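A.B. asks: What follows is a predicted structure for the sequence shown.
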Amino acid sequence: MDIKQYIEKNETRFLDELFSLIRIPSISALPQHKDDMLACAERWKQLLLEAGADEAHIMPSQGNPLVYAEKRVNPEAPTVLVYAHYDVMPAEPLELWKSQPFEPEVRDGRIWARGADDDKGQAMIQAKAFEYMVREGLLRHNVKFIFEGEEEIGSPSLNAFLKEHKELLKADVILVSDTSMLGADLPSLTTGLRGLAYWEIEVTGPNRDLHSGHFGGAVANPINTLCEMLAKVIDENGRITIPHFYDDVEEVSPAERDMIAHIPFDEKKYMEAIGIKALKGEKGYSTLERNSCRPSFDVCGIWGGYTGEGSKTVLPSKAYAKVSCRLVPHQNHETISRLFVEYLESTAPDYVQVKVTPMHGGEGYVCPITLPAYQAAEKGFTVAFGKRPLAVRRGGSIPIISDFEQVLGIKTVLMGFGLESDAIHSPNENFSLDIFRKGIEAVVEFHKEFGKQA
């Protein structure tokens, strides 16, 4: 039986199983759902065993439990480690939902519910592709699963879990379906993610707020000074001025730049959608390059002085800002964090005191398009969607992907099937049934192609 026939024959069961997961409100951000986290993990354990895993276990972590399962085909064959997460975002504001967020409905060819896409629907794609390969006797390599329950809160327990169970999780490649495509008719594979470094800055001037009439013009204003300092971080060409910031930045190859240039992109629509009249960024790079494979610096928040109703003529004692850098692969977030602290402290004038507090961060990631597992995923998309997927770098950050590489030493293939219209994290999250079916077919083809390498 081919995969299309298998999906048609079993789709009602597939959806029943997915809906059984969705009905469990596994919201990791809210402590009152602790029991739901365990219930969802238990349900995934049962489903993976039914799909053909030899064994499955609920494994404790410093936070929510993880689900581990495996299918051993041949100890000499390569191993694919499938990662997903079973936790979901809170559903609020509930009044904006057209149906109950944890009671899935099928309307207009889509599944509507929290977790329909992110990540229960996409994880089910992986489980059902695996099930088909096992039941049809087509699997030629080993498969492991690791499903966590804290992705939506930053995976705080995962790094320690990886280090503790490094041998158990040994594999040749990691397969993840938790990303998106450019469009339903524009299949794409995510080949790169940016890293992140984040700081809070405190600038102190006088020892108390001062009358701006009595002291203005004679005493430095911390807000003015902070703005001046931050304005100097980026030069007139859009380059970041921190010494040694670009030391480890790898230039994108001409071949990849050419691929990016061929991604369908309408700058006019892009600007209209966000209500701006012009774009700004690093000189010499396109918009899609700037927001995906080049580093950036942004002030995320700035405050100080009087911001209440009416007026108060005050020269403030303190000013604050939260700032971030998006980093590219090979830039170490701890190194960049140190360089920024040193830079800001060195440029601070004598009339203020500057305190920079590093906050969270993570590494960037790039998947070589020459990687055999990437090419297997490319084949999967080509068969399922009828066209070769575009290779796309994304501007966001998924720190767990770099953790996989740093701790386990394994590359990850990001084989995601979401769409922007799926409204993940928002009211009325949904997932196309057509994409669900094609996703299963694409992952089956991935396994077939990867198995040939075995």
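C.D. replies: Alright, I've got the coordinates.

A.B. asks: low pLDDT regions in the protein?
C.D. replies: 454 (pLDDT under 70).

A.B. asks: okay, now the domains of it?
C.D. replies: The chain breaks down by the TED database into domains covering 3-193+364-453, 195-249+295-362.

A.B. asks: Check those for me and report the most buried one.
C.D. replies: Mean neighbours per residue, mean count of other C-beta atoms under 10 Å, is largest over these for domain 3-193+364-453, with a mean of 20. Using the backbone N, CA and C atoms, a C-beta is placed for each residue, glycine as well.

A.B. asks: Start and end of it, how far apart?
C.D. replies: 21 Å (C-alpha to C-alpha, to the nearest Å).

A.B. asks: Backbone dihedrals for the residue nearest to residue 382 when sequence neighbours are not counted, both of them.
C.D. replies: Of all residues not flanking residue 382 in the chain, residue 388 sits nearest, at 5.0 Å (C-beta to C-beta, 6 or more residues apart in numbering). Backbone torsions of residue 388, given as degrees, to the nearest 10, read phi -70, psi 130.

A.B. asks: next one: residue 343
C.D. replies: phi -60, psi -50.

A.B. asks: ditto for residue 5
C.D. replies: Torsion angles, degrees, to the nearest 10, at residue 5: phi -60, psi -40.

A.B. asks: How about residue 145?
C.D. replies: Residue torsions, per degrees, to the nearest 10, at residue 145 are phi -130, psi 140.

A.B. asks: same deal with residue 16?
C.D. replies: Dihedral angles (degrees, to the nearest 10) for residue 16: phi -60, psi -40.

A.B. asks: and it, what does it touch?
C.D. replies: By C-beta atoms under 8 Å, 6 or more residues apart in numbering, the contact list for residue 16 is empty.

A.B. asks: Check residue 379 too.
C.D. replies: 445-446, 449.

A.B. asks: wait, which of these is closest to residue 205?
C.D. replies: Of all these, residue 205 sits closest to residue 446, with 58.8 Å by C-beta to C-beta.

A.B. asks: so the closest one is in which element?
C.D. replies: In the assignment (DSSP states H and E), residue 446 maps to helix 433-453.

A.B. asks: Which neighbouring elements make contact with that helix?
C.D. replies: When contacts are defined as 3 or more C-beta pairs under 8 Å, 6 or more residues apart in numbering; DSSP states H and E, helix 433-453 packs onto helix 3-22, strand 110-112, helix 120-135, strand 173-176, helix 372-385.

A.B. asks: Any chance of these in JSON lines with distance to residue 182 as columns?
C.D. replies: Compiled in JSON lines, the helices and strands packed on helix 433-453 are given as follows (distance: least, C-beta to C-beta, whole Å):
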{"stretch": "helix 3-22", "distance to residue 182": "24"}
{"stretch": "strand 110-112", "distance to residue 182": "19"}
{"stretch": "helix 120-135", "distance to residue 182": "16"}
{"stretch": "strand 173-176", "distance to residue 182": "18"}
{"stretch": "helix 372-385", "distance to residue 182": "11"}
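
A.B. asks: Out of the ones you listed, which is closest to residue 364?
C.D. replies: Using C-beta to C-beta, the nearest of those to residue 364 is strand 173-176, at 15.6 Å.

A.B. asks: Neighbouring strands of the closest one in the sheet, and parallel or not?
C.D. replies: Strand 173-176 pairs in its sheet with strand 79-85 (parallel), strand 412-414 (parallel), by DSSP bridges.

A.B. asks: Need those in TSV (columns: distance to residue 402).
C.D. replies: Listed next are the strands paired with strand 173-176 as TSV, based on distance: least, C-beta to C-beta, whole Å:
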stretch	distance to residue 402
strand 79-85	13
strand 412-414	9
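
A.B. asks: Which one of those lies nearest to residue 359?
C.D. replies: strand 79-85 (22.9 Å).

A.B. asks: Given the helix or strand following that closest one, what are its sheet partners and their directions?
C.D. replies: Using DSSP H and E, the helix or strand that follows strand 79-85 in sequence is strand 105-107. If you go by DSSP bridges, strand 105-107 pairs up with strand 110-112 (antiparallel).

A.B. asks: got the contact list for the strand it pairs with?
C.D. replies: 15, 18, 98-99, 104-106, 116, 121, 428-433, 436.

A.B. asks: contacting residues for residue 383?
C.D. replies: Residue 383 neighbours (C-beta under 8 Å, 6+ apart): 441-442, 445.

A.B. asks: Closest to residue 219 out of these?
C.D. replies: Nearest member of the contacts of residue 383 to residue 219, counting by C-beta to C-beta, is residue 442, at 64.1 Å.

A.B. asks: I'd say the closest one and residue 387 touch.
C.D. replies: No: at 11.8 Å, residue 442 and residue 387 do not qualify as touching, with contact defined as C-beta atoms under 8 Å.

A.B. asks: May I have the distance across stretch 204-211, first residue to last?
C.D. replies: Start-to-end, stretch 204-211 (C-alpha to C-alpha) is 16 Å.

A.B. asks: For it, which outside residues touch it?
C.D. replies: Everything outside stretch 204-211 that qualifies as a contact, by C-beta under 8 Å, 6+ apart, is 215, 219-222, 225, 305, 313-319, 351-355.

A.B. asks: Could you dump the contacts of residue 379 into CSV with distance to residue 111 added?
C.D. replies: Formatted as CSV, the contacts of residue 379 follow (distance: C-beta to C-beta, whole Å):
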residue, distance to residue 111
445, 23
446, 23
449, 28
